[in-house]
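> Pasting a predicted model and its sequence here:
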Amino acid sequence: MGVHILSTGSSVPNFSVENHYFEDMIETSDHWISTRTGIKKRHLAPSSHSLTQLAAEASNNALSAANIKPADIDLIILATSTPDDLFGSASQLQAEIGATSSLAFDITAACSGFIVALVTAAQFVQTGSYDNILVVGADTMSRWINWSDRSTCILFGDGAGAVVVGKSAKNSILGFKLCTDGQLNSHLQLMNVPLEAQQFGVTEIPQGHYNSITMNGKEVYKFAVFQVPSVIKECLNNVNISIDEVDWFILHQANTRILEAIANRLSIPFSKMITNLEHYGNTSAASIPLALDEANRSDKIQPGQIIVLAGFGAGLTWGAIVLKW
């Protein structure tokens, strides 16, 4: 059983913040941010715009492009680290779009989330378990930022991207490789920190509360620049495709310097990298499907082309998928 990406869709909040807004908040400038990250602005979701709504907008766009009704979706996989409900938001998304016949569940793998979710969907299609699967990457990272922390507050934005995956005679997903190194997890975290505790005799039961995002930028940079080229090369070698045969690379949109360094290690022209970091910042699990949707709608990617998707981030996790579009 083959797997095929039938359509793409995306959504970002209307409200956006350009770099100069940060000049009155922290010690920085538009020039400092743009030269070090490549980011010029990011879209932020106001309190009236939930993660579920963002995911639903991207999902409806993808369903419309595939000419598939929500009731025809068998499974929804939502990749997010910022659900509206700690128990998960996939079920809320199912209700929001009216996909009443589908199973729905969340996957949490941070900035690698969409890659993990797409691979998971492919397994369900290939085993014949489900025919039409909606895969969504969505995050509202702005709600977990310390706005006085210059190392993180300038980086993140909110958004959602989606694809509809279905069965096909030919397999569009040629290969994949997923990785985790939990020993490096402290380099990028959003930790549960107890505020207070309930005393039961000599035992304290903590009250849960999540802190803001913390990141060791230098270590994350070194990790990404070393591991991502390696996993891409291994993935391509496994399917006997050379680097030169790849038409486009769509990587997690974390930082332009990281993307440039990865391109250099792969010995590919940066022009083969599809990027939209300038307009959206780091949207975590949404970044790859958001860039994929823009490239698809603009006809930048064409049928028959070879595309490499690669994610990397908290966990630390990373992975790659080779597609034939």
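Perfect, I can see it now. Since the model is a prediction, treat every value here as computed from it, not as a measurement.

> Could you count how many residues lie near residue 299?
7 (other Cβ atoms under 10 Å). Placement of C-beta: from N, CA and C, glycine included.

> Work out which residue lies at the spatial centre of this protein.
Centroid-nearest residue in the chain, with Cα atoms, centre = their mean: residue 285, separated by 1.8 Å.

> so who does that one touch?
Going by Cβ atoms under 8 Å, 6 or more residues apart in numbering, residue 285 touches 79-81, 109-114, 117, 137-139.

> want to throw those into JSON lines with neighbour count and pLDDT?
JSON lines is the format used below for the contacts of residue 285 (neighbours: other Cβ atoms under 10 Å; pLDDT from 0 to 100):
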{"residue": "79", "neighbour count": "32", "pLDDT": "98"}
{"residue": "80", "neighbour count": "31", "pLDDT": "98"}
{"residue": "81", "neighbour count": "22", "pLDDT": "97"}
{"residue": "109", "neighbour count": "26", "pLDDT": "95"}
{"residue": "110", "neighbour count": "25", "pLDDT": "95"}
{"residue": "111", "neighbour count": "32", "pLDDT": "96"}
{"residue": "112", "neighbour count": "29", "pLDDT": "97"}
{"residue": "113", "neighbour count": "33", "pLDDT": "97"}
{"residue": "114", "neighbour count": "34", "pLDDT": "98"}
{"residue": "117", "neighbour count": "28", "pLDDT": "98"}
{"residue": "137", "neighbour count": "37", "pLDDT": "98"}
{"residue": "138", "neighbour count": "36", "pLDDT": "98"}
{"residue": "139", "neighbour count": "31", "pLDDT": "98"}
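
> what secondary structure does residue 134 sit in?
Classification of residue 134 using DSSP: H, G, I helix; E, B strand; the rest coil returns strand.

> The one 3 residues further on now?
Using three-state DSSP as the criterion, the local structure at residue 137 reads strand.

> now it, which residues is it bridged with?
Here residue 137 sits in beta bridges with residue 79, residue 161, going by DSSP bridges.

> what about it, distance to residue 232?
With the distance defined as Cβ to Cβ, to the nearest Å, residue 137 ends up 19 Å from residue 232.

> which one is residue 110 nearest to, not counting chain neighbours?
Leaving aside its sequence neighbours, residue 110 sits nearest to residue 314 (Cβ to Cβ, 6 or more residues apart in numbering; 3.6 Å).

> Likewise for residue 155?
Per Cβ to Cβ, 6+ apart, closest to residue 155 is residue 282, 4.8 Å.

> how about that neighbour, what does it touch?
So, once contact is read as Cβ under 8 Å, 6+ apart, residue 282 ends up touching 39, 111, 141, 155-157, 252-255.
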